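1. sequence first, predicted model second:
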Amino acid sequence: MFNDEFNRRSFLGRVGGMSTVSGLAANRASGSEATGPAQGSQSAEFRIGNDTIALVLDDTGHLVTLANRLTGHSYVDAGKHAPWQMYYRSGDPMTGALDLEIDSDMQSGTVRQEENSLVVSYPSLTGHVAREGQTRELRVSLVLKVTLDGDHLVWTATIDNQETSKAIEITEIWVPWIRGIGHLGLGHTADALYWPDRAGRRIPNPYAKLSSAGRPRPLLGRRGEDTALMMTYPYPASMQWFTFNNGAEGLYFGSHDKTLMTTCLYVNTGEGETLSASIVKYPFVQAGERWSSEPSVTQVYRGGWHEAAHTYRAWTDGWIPKPNPPDWVRRTTGWLIPPGKGQTGHIRSVYADIPGIWRQARKAGINVVNYFGWVKQGFDNLYPEYEPDEAMGGADGLKAALAQIERDGGRTILYTQGQLIDPSTSFYRAKGKSIVARDVWGYEYLEAYGGRGEGTLLDVMQNKYFGVACPMADGWYERLISQFEMAKGFGAQGILFDQMGGRPPYICYSTEHPHTKPSLAAAPGKVRNMQRIHEVMRARDPNFVFVVELATDCYSGLVDVIHSHGIGFWPEPEAFGELLRYTFPEPVITNRGGGPHDRRAQLGYAFTLGWRIDAALRDVTDPVLAPYLTRINELRNAHPELLLEGRFVDTENFLCDNSEVASHAFVSGNDLAVTVWNPTAIPQSIRIAAPGYALRSAEWQDPTWSGADHLLLPGDIAVHIFQRA
Ligand SMILES: [Zn+2]
């Protein structure tokens with residue numbers, strides 16, 4: 001069976017590759033294999049494997065085979081490349097160069113066997129130098145180790161920088177770098193790449209999308225323009241794993257790195273119609289330093305992408321905390337963000353208007369106001385300085401408005417920034433300039449925002465720049481806590497720290513900050529600050545809620561609500577919010593407006609996936625949107641144990657006969673809810689079966705409908721409630 005299936009694989013067919021795996025197959029009855037070197041017809045080969053997976057390296061350490069023995073399919077061609085890549089710097093452009101390649105295929109390595117591991121050693125390396133076409137030897141050794149651990153291959157690298165010149169620093173290593181990924185056995189068009197861009201992206205036939213031949217494609221990344229996908233973790237990658245999958249089997253890549261070093265997930269076009277994939281680390285190994293990477297894991301598996309999600313989730317279960325929000329948050333349907341004072345100072349409502357806006361929101365089933373534009377400075381100005389605006393009612397007016405909403409049974413959250421520092425503030429001049437993250441030149445990383453006025457001036461000239469706080473810097477945590485005290489003092493029941501849950505994990509080169517490496521500044525600093533903020537908040541008021549913008553797994557358990565942004569929180573052709581939602585079903589996360597679809601589609605998409613609603617005033621006043629949203633919240637409030645607190649299980653436990661309709665399940669005890677949404681322009685018939693369950697009710701957009709026998713009209717949502725039979 002194994003040999004027959006393997007030999008049918010279509011994109012390979014090199015005799016050497018097949019004989020290699022045939023040799024492995026002969027030994028598979030003995031279980032785990034760790035044999036080598038074996039004398040092939042041309043060169044020695046080293047192998048590790050078992051009944052699930054087979055890995056073969058040649059005697060120079062180049063990858064020969066990576067095969068799924070459960071299905072008999074080999075996932076790489078026999079291109080025989082070294083499965084890593086490195087870059088270093090030799091000072092700066094004044095004294096040397098940044099970002100010089102150490103071409104892995106040009107190095108001479110030796111391979112040895114250590115029980116279930118293959119170890120490739122390079123006693124020294126040859127790297128490019130500033131002058132193009134020339135190279136030099138580097139007194140830098142590399143040991144690449146790949147260990148068979150069950151059905152996982154665990155990759156680690158150890159770099160020993162024995163240079164004496166401080167200018168020589170290893171800045172980047174790719175471990176592993178798997179090149180020549182063809183298809184997974186069913187052809188290119190069957191494969192999809194599940195990519196954790198924000199809530200998730202599903203890229204069908206990634207070979208065609210990334211291949212440089214053929215039709216024009218959208219810009220995806222700077223390197224190679226549209227031929228590469230790359231993103232940093234933590235954020236915009238919400239998780240540090242991805243998988244190729246064809247519905248029947250898959251190949252998993254996971255960065256199992258608890259240090260939260262700034263990491264890059266990378267997929268690029270390769271030779272022929274192949275892709276390469278890697279996990280990139282930025283270790284900054286200085287002269288005299290020895291560094292070992294955290295593990296990267298590759299896994300082959302049978303089944304759909306859920307299997308890969310289980311692998312990653314099982315690894316995070318040991319160390320990423322689960323959120324534990326106050327009870328009122330667990331059952332919140334979302335919030336409304338009222339209009340306020342904008343970026344250019346234009347005031348669209350005052351404090352006294354907010355209780356009335358809250359009453360409108362409550363009619364649509366939303367009980368929380370998340371108040372952004374409340375500060376005198378105007379939105380997106382002069383962070384981190386916040387004062388109530390006399391023109392909007394002053395501090396007393398703000399307190400009165402928040403107190404009124406609380407008396408009426410509502411909740412309020414006040415907006416603050418979580419990391420931007422405006423260089424035009426007195427805070428910046430006094431402290432902020434030593435807190436901001438700094439680039440390799442020692443200058444500040446800057447982000448640009450800004451609003452529009454009534455003329456053209458603010459459209460033609462960028463007028464607002466911010467530095468970004470390095471979370472490790474002394475003084476920043478204290479500033480964040482002072483924001484919490486301020487929000488609580490005004491009478492809010494929660495505080496939003498904008499951007500804190502994401503944005504680029506800046507590699508901070510400041511020598512004044514207490515981080516051990518530039519790439520260990522952002523995420524470790526945020527985790528430390530968020531743990532402290534959470535503890536202080538809980539001690540002061542167990543019902544006060546900690547809200548951050550942007551969803552990333554490693555921060556999600558430290559906060560109570562996440563205000564999201566990006567693909568998968570809104571619908572668009574590759575949107576696949578299931579990826580984050582299924583892997584981490586616990587966090588309370590709101591949806592967000594965006595993407596090419598209309599607002600009603602955004603609400604329907606959010607309903608099926610279980611994102612809470614991030615509403616604007618229009619959503620609760622518009623004659624089309626308001627009834628639609630009201631019905632979503634009615635259904636959620638009718639079945640909160642399932643639709644708000646239930647565990648999202650995606651497509652498990654039920655079958656829907658219509659793939660044009662989005663359908664997902666939530667479970668709670670013996671109950672199961674299947675949410676559906678019709679994103680098409682025509683009515684759709686649906687039949688939903690949940691084996692082992694009995695249908696209890698079917699509830700539709702039209703509240704007068706009952707029973708399962710209805711067409712789902714364009715844009716409509718519905719829910720089927722089942723009970724275990
Ligand atoms: Zn720093």
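-> Perfect, I can see it now. All values derive from a computational prediction rather than experimental measurement.

2. can you map out the helices along the stretch 401-550 of the chain?
-> Taking DSSP state H, counting those that start in this stretch as the criterion, the stretch 401-550 of the chain carries its helices at 426-427, 433-435, 457-460, 476-490, 522-540.

3. can I get those in CSV with mean pLDDT?
-> Putting the helices of the stretch 401-550 of the chain into CSV (pLDDT from 0 to 100) gives the following:
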stretch, mean pLDDT
helix 426-427, 97
helix 433-435, 98
helix 457-460, 89
helix 476-490, 98
helix 522-540, 98
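
4. out of the ones you listed, nearest to the ion?
-> Within these, the stretch nearest the ion is helix 522-540; the backing value is 7.4 Å (C-beta to the ion). To be clear about C-beta, it is placed using only N, CA and C from the backbone, and glycine gets the same treatment.

5. let me see the domain layout of this structure.
-> The chain is divided into the following domains under automatic domain parsing: 20-316, 335-417+476-563, 647-724.

6. make a markdown table out of those domains and add distance to the ion and mean neighbour count.
-> Compiled in a markdown table, those are given as follows (distance: least, C-beta to the ion, whole Å; neighbours: other C-beta atoms under 10 Å):
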| stretch | distance to the ion | mean neighbour count |
| --- | --- | --- |
| domain 20-316 | 12 | 19 |
| domain 335-417+476-563 | 3 | 20 |
| domain 647-724 | 36 | 17 |
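
7. shaky segments in the stretch 551-700 of the chain?
-> For the stretch 551-700 of the chain, no stretch has pLDDT under 70.

8. so which residues of it form strands?
-> 561-563, 589-590, 613-616, 647-650, 655-656, 662-668, 671-677, 684-685, 688-689, 693-700 (DSSP state E, counting those that start in this stretch).

9. and after the longest one, which helix or strand comes next?
-> On the C-terminal side of strand 693-700, the closest following helix or strand by DSSP states H and E is strand 711-712.

10. residues contacting the nearest residue to residue 60 once chain neighbours are set aside?
-> Taking C-beta to C-beta, 6 or more residues apart in numbering, and ignoring the residues beside it in sequence, residue 60 has residue 109 as its nearest neighbour in space, at 5.8 Å. Residues in contact with residue 109, defined by C-beta atoms under 8 Å, 6 or more residues apart in numbering, are 60, 61, 82, 120, 121, 122, 144.

11. out of those residues, which sit inside helices?
-> Among the contacts of residue 109, no member falls in helices (criterion: DSSP state H).

12. need those in CSV with pLDDT, can you?
-> Supplementary listing: the contacts of residue 109 in CSV, determined by pLDDT from 0 to 100:
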residue, pLDDT
60, 95
61, 96
82, 96
120, 98
121, 98
122, 98
144, 98
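
13. and the helices in the stretch 151-300 of the chain, which stretches?
-> The residue ranges that make up the helices of the stretch 151-300 of the chain, judged by DSSP H, counting those that start in this stretch, are 206-210.

14. any idea how far residue 140 lies from residue 77?
-> According to C-beta to C-beta, to the nearest Å, residue 140 and residue 77 sit 30 Å apart.

15. confirm for me that residue 595 is in contact with residue 577.
-> No - counting by C-beta atoms under 8 Å, residue 577 is not a contact partner of residue 595; they are 11.2 Å apart.

16. and the two? Which one has more around it.
-> Neighbour tally, residue 595 and residue 577, criterion other C-beta atoms under 10 Å: the higher count belongs to residue 577, 30 against 18.

17. what stretches of this structure score poorly on pLDDT?
-> Per-residue confidence of the chain (counting by pLDDT under 70) places the weak regions at 1-42, 78, 212-226.

18. spatially central residue in the chain, please.
-> Central residue check for the chain by C-alpha atoms, centre = their mean: the C-alpha nearest the mean position is that of residue 238, 1.5 Å away.

19. where exactly do the strands run in the stretch 1-150 of the chain?
-> 33-39, 44-49, 53-58, 63-68, 73-74, 85-90, 100-102, 110-114, 117-122, 125-128, 135-138, 140-149.
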